[in-house]
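Undergrad: would you be able to build a 3D model of this:
(chains A and B)
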Amino acid sequence: MSDLKRTPLYDLHVALSAKMVPFAGYEMPVQYPMGVMKEHLHCRAAAGLFDVSHMGQVILRADDPETAKAALERLIPQDVLGLGEGRQRYGFFTNDAGGIEDDLMFANRGDHLFVVVNAACKEADVARMRAALEPEVTVKLLENRALLALQGPKAEAVLADLHPQVADMRFMDVATVPLAGAECWVSRSGYTGEDGYEISVPLAAAKDLAQVLLAHPDVEPIGLGARDSLRLEAGLCLYGHDIDAATSPVEGGLTWAIQKVRRAGGDREGGFPGAGRILNEMTGGAARRRVGLQPAGRAPMRDGTPLFASAEDDTPIGSVTSGGFGPTVGAPVAMGYVDAALAKTGTALFGEVRGKRLPVAVAKLPFVAAGFKR
Amino acid sequence: MKFTEEHEWLRVEGDEVVVGITAHAAEQLGDVVFIELPDEGTTVSKDDEIVVIESVKAASDILAPLDGEITEVNEALVEEPGKVNDDPEGESWFFKMKIEDMSALDDLMDEAAYKKFIG
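TA: Residues are numbered from 1 along each chain as shown, chains lettered A, B, ... in the order given. Predicted structure coming up:
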């Protein structure tokens, strides 16, 4: 794994006996000795600490902050200009065909925008932003900060021990907070469906902060394995699986993230790549839809499992894009794409696993109710 | 006990062999969430894929260690797959089989050889 990059917490993961695997060009902990199942359940019951330093942290800055906001609106179908200071939004870069190039979080931090993108896409995202936004906006990929996530119902109490200000934050608030002696950029958000925080911390303080948090009896380190099952139960998309360059936000069920002002009839309608197709689909519907899938039996239906309308049909009507066992649900859970006509909750379908057609029903997402502090 | 390179253990009980997976294999697999066992009475050949085992991470197969006939399967594992992680080399056996040629067991590893094999 010599050509793989390491996060500033690499030594800590090894000291915690994590099993390290290659992921998006980094050596990352897939699980700790506790194991995926117990890590998952611990995060839902108490608090879990995740190292997500592999993700891309980007600063967009212009002489006038409004310039940077207007510029980012040229690349994403979200309302950036209307995002208040100290607030964060979920968004996605679209392409000319109306597909999704990556999903992201962006925050209004006063004199600049702070953007977090997926590790596997970060070089492409930075290149895309530089090409479209420079020179009026400077695009800076930060190499001097780590990113931690503290997630779970005890996250607030744990982090408030370090600084009481975090308890006053609401879901999707962002703030600068001193933690473990360093200036941290904290957002109340995450990728588990639980309440919690994502914390951008200077490299030099990352290990200290992680160790302070892990010293709390309610906090356990959580690897990529449980991160995946937590976000799947929460109905959250994994880029490259549940959404990609060929899926539109309408197909992906992400129109909630396109604010009214950017939709047809809005003050700033369109003006992002693929707006023609995306706005059309928002009125006329898409041919396929992302749905939750609940297998009837115990066999997990994993990514790539073909879906059929009946036990006999030859032609698939869709396929699974994420699937596995949901430890909190206590049963297999999945999501995938199906023909729009078959996307209604409760629709009985079949997934083909090892040559056998097994029953699976279209299910409501999320599988586990979100615990956000709104 | 005897061991295969596929990380199965075999224990002779009378004229039958009890088969499970080793503690090392269970640890490598991670939390087991699904098990599909063969039908009792099935005739199997060495290396046939006869058990499907899925963990939180991935699906894998368990191969027939030798030629023979499946005489009994451990249905309790189907109901509670996680038992495999709790007691892989004891209570959580997968199936029992009649071996056509008991001397074939001599070609398998003993515990010392298996320990060396997994390093």
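Undergrad: enumerate the residues of chain A near chain B.
TA: Contact residues (CB under 8 Å from any CB of the partner chain) of chain A with chain B: A:30-31, A:35-38, A:225, A:229, A:298-300, A:302, A:324-325, A:327, A:332, A:354. No exception for glycine: its C-beta is placed from N, CA and C like everyone else's.
Undergrad: and these, which are buried?
TA: Buried members of the residues of chain A next to chain B, scored by 16 or more other CB atoms under 10 Å in any protein chain shown, are A:30-31, A:35-38, A:225, A:229, A:298-300, A:302, A:324-325, A:327, A:332.
Undergrad: in strands only, show me these.
TA: Under the assignment DSSP state E, these contribute A:30-31, A:324-325, A:332 to strands.
Undergrad: hmm, who's touching the helix or strand of chain B with the lowest mean pLDDT?
TA: Lowest on mean pLDDT, DSSP states H and E among the helices and strands of chain B sits strand B:59-63, with a mean of 91. With CB atoms under 8 Å, 6 or more residues apart in numbering or on different chains as the test, strand B:59-63 has contacts from A:300, A:302, B:4, B:6, B:8, B:21, B:29, B:46-54, B:94.
Undergrad: so which elements touch the helix or strand just after it?
TA: Toward the C-terminus, strand B:59-63 is succeeded by strand B:68-73 as the next helix or strand (DSSP states H and E). When contacts are defined as 3 or more CB pairs under 8 Å, 6 or more residues apart in numbering or on different chains; DSSP states H and E, strand B:68-73 sits against strand B:16-21, strand B:43-44, strand B:95-99.
Undergrad: how distant is strand B:68-73 from the center of its chain?
TA: Centroid separation for strand B:68-73 versus its chain: 12 Å, with CA atoms, centre = their mean, to the nearest Å.
Undergrad: buried ones in the helix or strand just after it?
TA: Following strand B:68-73 in sequence order, the next helix or strand is helix B:75-79 (DSSP H and E). Using 16+ other CB under 10 Å as the test for burial, helix B:75-79 gives residue B:77.
Undergrad: gap between helix B:75-79 and the chain center?
TA: For helix B:75-79, the separation from the chain centroid amounts to 14 Å (computed by CA atoms, centre = their mean).
Undergrad: please name every helix or strand in contact with the helix or strand where residue A:58 lies.
TA: Per DSSP H and E: residue A:58 is located in strand A:56-61. Judged by 3+ CB pairs under 8 Å, 6+ apart, strand A:56-61 is in contact with helix A:65-72, strand A:113-117, helix A:122-133, strand A:138-141.
Undergrad: looking at the ones you listed, which is buried most?
TA: Mean neighbours per residue, mean count of other CB atoms under 10 Å in any protein chain shown, is largest over these for strand A:113-117, with a mean of 23.
Undergrad: pLDDT of that one, averaged?
TA: The pLDDT scores in strand A:113-117 average 98.
Undergrad: partner strands of that strand and their direction?
TA: Sheet pairing of strand A:113-117 (DSSP bridges) gives strand A:56-61 (antiparallel), strand A:100-108 (antiparallel).
Undergrad: just say which of the ones you listed is most tucked in.
TA: Mean neighbour count, computed with mean count of other CB under 10 Å, is highest for strand A:100-108 among these, reaching a mean of 23.
Undergrad: where's that strand relative to the chain centroid, distance-wise?
TA: Using CA atoms, centre = their mean, the offset of strand A:100-108 from its chain centre is 9 Å.
Undergrad: from memory residue A:27 sits against residue A:9, does it?
TA: No: contact criterion CB atoms under 8 Å: residue A:27 and residue A:9 do not qualify, at 10.8 Å.
Undergrad: more neighbours, the two?
TA: Between residue A:27 and residue A:9, counted using other CB atoms under 10 Å in any protein chain shown, residue A:9 has the larger neighbour count: 24 against 19.
Undergrad: which ones are touching that one?
TA: Per CB under 8 Å, 6+ apart, neighbours of residue A:9: A:51, A:53, A:146, A:206-207, A:210.
Undergrad: and for residue A:130?
TA: Per CB under 8 Å, 6+ apart, neighbours of residue A:130: residue A:139.
Undergrad: any idea which residue is closest to the centre of chain B?
TA: residue B:20 (2.9 Å; CA atoms, centre = their mean).
Undergrad: adding distance to residue A:343 and mean pLDDT, write the strands paired with strand A:113-117 out as CSV.
TA: Shown next, in CSV, are these (distance: least, CB to CB, whole Å; pLDDT from 0 to 100):
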stretch, distance to residue A:343, mean pLDDT
strand A:56-61, 33, 98
strand A:100-108, 18, 98
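Undergrad: returning to that earlier point: tilt between the least confident helix or strand of chain B and strand B:95-99?
TA: Relative orientation of strand B:59-63 and strand B:95-99, computed by axes from the mean of the first three to the mean of the last three CA atoms, to 10 degrees: 30 degrees.
Undergrad: could you dump strand B:59-63 to PDB, C-alpha only?
TA: Once non-C-alpha atoms are left out, strand B:59-63 reads as follows in PDB (Å, rounded to 0.1, in the frame of the first residue of the first chain):
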ATOM      1  CA  ALA B  59     -20.400 -12.900   0.500                       C
ATOM      2  CA  SER B  60     -18.300 -16.000   0.400                       C
ATOM      3  CA  ASP B  61     -18.700 -19.700  -0.200                       C
ATOM      4  CA  ILE B  62     -17.700 -22.700   1.900                       C
ATOM      5  CA  LEU B  63     -16.500 -25.600  -0.200                       C
END
